[in-house]
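Chemist: the following comprises the amino acid sequence and a computationally predicted model.
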Amino acid sequence: QVQLVESGGGLVQAGGSLRLSCAASARTFSNYAMGWFRQAPGKEREFVAVISGSGRSTYYADSVKGRFTISRDNAKNTVYLQMNTLKPEDTALYYCAAGTWGQTTYQYDYWGQGTQVSVSS
């Protein structure tokens, strides 16, 4: 069983930055690919970014490429999402997830409770 706890969300103006963190309880954290997803009100949960267990590989949704950076520290069992040049359309509840490499929710077995990111125009 893996428990995930996100933090770092908040309210920011357009153009600003936030750094999300996700702390994991897994003893074998490096065995899991870690993904970030987001869900805006009335919309489906969508893929944002994924990082491999080693941290050597990453992949981003087109909508955040060049603005967001995913990273991980396996010694601290933590994954991060640095979000720069935020836009109002980035407003959503952000979730981290542990599982296998991929862009669909079905590829992730464990989910956090989410952290709210709100971007004002």
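Modeler: All right, it came through fine.

Chemist: report the contact partners of the nearest residue to residue 76 once chain neighbours are set aside.
Modeler: Setting aside the residues directly before and after it, residue 76 is nearest to residue 23 in space (Cβ to Cβ, 6 or more residues apart in numbering), at 7.8 Å. All C-beta atoms are positioned from the backbone trio N, CA, C, and that covers glycine. Counting by Cβ atoms under 8 Å, 6 or more residues apart in numbering, residue 23 touches 4, 5, 7, 76, 77, 78.

Chemist: look at residue 23 and report its pLDDT.
Modeler: As summarised for this prediction, residue 23 has a pLDDT of 98.

Chemist: what bridges to the residue positioned nearest the centre of the chain?
Modeler: The centre of the chain sits closest to residue 36, judged by Cα atoms, centre = their mean, with a distance of 2.5 Å. Following DSSP bridges, residue 36 is listed with bridge partners residue 49, residue 96.

Chemist: contacts for stretch 96-104?
Modeler: If you take Cβ under 8 Å, 6+ apart as the criterion, stretch 96-104 is touched by 2, 4, 6, 20, 22, 24, 26, 32-37, 47, 50, 52, 57, 59, 61, 79, 81, 105, 107-112.

Chemist: in it, what's buried?
Modeler: Of the residues in stretch 96-104, those with enough neighbours to count as buried (16 or more other Cβ atoms under 10 Å) are 96, 97, 98, 99, 101.

Chemist: out of those, which is nearest to residue 85?
Modeler: Distance to residue 85, by Cβ to Cβ, is smallest for residue 96 among the buried residues of stretch 96-104, at 21.0 Å.

Chemist: okay, the closest one: pLDDT?
Modeler: pLDDT, residue 96: 98.

Chemist: now it: how far from residue 62?
Modeler: The gap separating residue 96 from residue 62 is 20 Å, by Cβ to Cβ, to the nearest Å.

Chemist: all good on my end, thank you.
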